[in-house]
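Q: Show me how the following folds:
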Amino acid sequence: MLIPKGSFDAIRAEGIDGFRERIVRAVPRLAAEAAELGSFENVKLLSVQINRLDRWHTPGALLIGDAAHAMSPAFGVGINYAVQDAVAAARLLAPALRSGAESVIDRAAAAVQGRRERPTAMMQRIQRAVHARIATGRGVKILDDPPTRRQRIAMRLALPLLRPLAARIVGYGFRPERLR
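A: From the prediction side, this is the model:
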């Protein structure tokens, strides 16, 4: 459940019962777990940021991963993007470092950002959309319960196509990096 920054005091003012109700509205199957929350002492907030530096490099330095772009925990892709930044940096910087020329190294650092910024921005856009959909704490109704006949047919047709694509995007990102 997303709690917009600065709004936790208002939620706390509603009391722990109101908070439990929010959880159950967002994810009904967590009713038993929500009932176990005895007080707000049992609630821990994770501060989430989704942001990106305008410039990831300066002469003699390159920022990658969370230092260059903070990702939401949504889909658990932050580590994937950090590793892919590192792979791109290794591939692009190794030849530049061998040259020893500062201008070549600085251009290679800029090339890392040029290669990794767009896929990062695309995933962050998806993460922001997910946050916008679930931030209300009311959940998102995608299917009827039980699904209608039309929804079941659509799922049978769409899921075999969407599952591998979604898994690829979450697992590898929009521009997978590989070492030679």
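Q: Near the closest residue to residue 57 other than its chain neighbours, how many residues? Count them for me, please.
A: The spatially closest residue to residue 57, leaving aside those adjacent along the chain, is residue 109, at 3.8 Å (CB to CB, 6 or more residues apart in numbering). Every residue, glycine included, has its C-beta placed from N, CA and C. By the measure other CB atoms under 10 Å, the count of residues near residue 109 is 24.
Q: Could you pull up the residues touching residue 109?
A: For residue 109, the contacting residues are 56, 57, 61, 62, 89, 93, taking CB atoms under 8 Å, 6 or more residues apart in numbering as the criterion.
Q: Kindly report the same for residue 122.
A: Shown in contact with residue 122 (CB under 8 Å, 6+ apart): residue 174.
Q: Can you tell me the SS state at the residue nearest to residue 57?
A: helix (DSSP: H, G, I helix; E, B strand; the rest coil).
Q: what mean pLDDT would you report for stretch 149-162?
A: Averaging the model's pLDDT scores along stretch 149-162 yields 90.
Q: quick one: low-confidence ranges for this protein?
A: 134-141, 145 (pLDDT under 70).
Q: Show me where it has its strands.
A: 51-52, 57-58, 61-62, 69-70 (DSSP state E).
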